[in-house]
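Novice: Based on what follows, work out the 3D shape:
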Amino acid sequence: DETTVWKRGKVLSTDDSKVTIGLEDGSEITVPSKEALASNPAHLEGLDDLTGLQHLDEPNVLHNVSLRFLEDKIYTYTGPILIALNPWKRLNVYGLEKMADFIGISRLEAPPHIFAIAEESYRAMANLKKDQSILVSGESGAGKTETTKFVMQYLAA
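Specialist: Reported below is the predicted structural model:
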């Protein structure tokens, strides 16, 4: 429809070229088979790292990130990359207390967070004795400057 590009549902029936799907709102739709995409099982929804999804396509990635966003989990990994969504509100996910949660912790042992990325970079610099970099990218207004400030605060603490 015009507000939702993809809708989740369960396959009710199939034939050679069409699939009838029961949607979460109770309605049914029939679509060409090639347009029906598999969704991830419920136990994989809301994962910290998108690489753990069984179906790693646009609808499933967006669904997973959306579920996390609704729970104020604005950070999600996709392998070594951190995806950050601007919550457009203040969240209690920064500050000295939160920084302490990441000191000396491997990125793989910590929940997705910009402080985990900063810690990983700091540890690599200290252990390997080589320069490290963190790339922060996004569109105008996405929060690049704020994210960079959080990295600098973490490294200075």
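Novice: ranges for the helices of the chain?
Specialist: Shown for the chain, the helices assigned by DSSP state H span residues 58-70, 95-100, 114-128, 144-156.
Novice: Packed most tightly, which of these would that be?
Specialist: For those, the largest average neighbour count (mean count of other C-beta atoms under 10 Å) is found in helix 114-128, namely a mean of 18. Backbone N, C-alpha and C define where each C-beta goes, glycine included.
Novice: In terms of secondary structure, what does it contact?
Specialist: For helix 114-128, the elements it packs on are strand 81-84, helix 144-156, judged by 3 or more C-beta pairs under 8 Å, 6 or more residues apart in numbering; DSSP states H and E.
Novice: which stretches of the protein aren't confidently modelled?
Specialist: Within the chain, the segments meeting pLDDT under 70 span 1-2.
Novice: Centroid-nearest residue for it?
Specialist: Among the residues of the chain, the one closest to the centroid is T76, at 3.0 Å (C-alpha atoms, centre = their mean).
Novice: Quickly list what it is bridged to.
Specialist: I83 (DSSP bridges).
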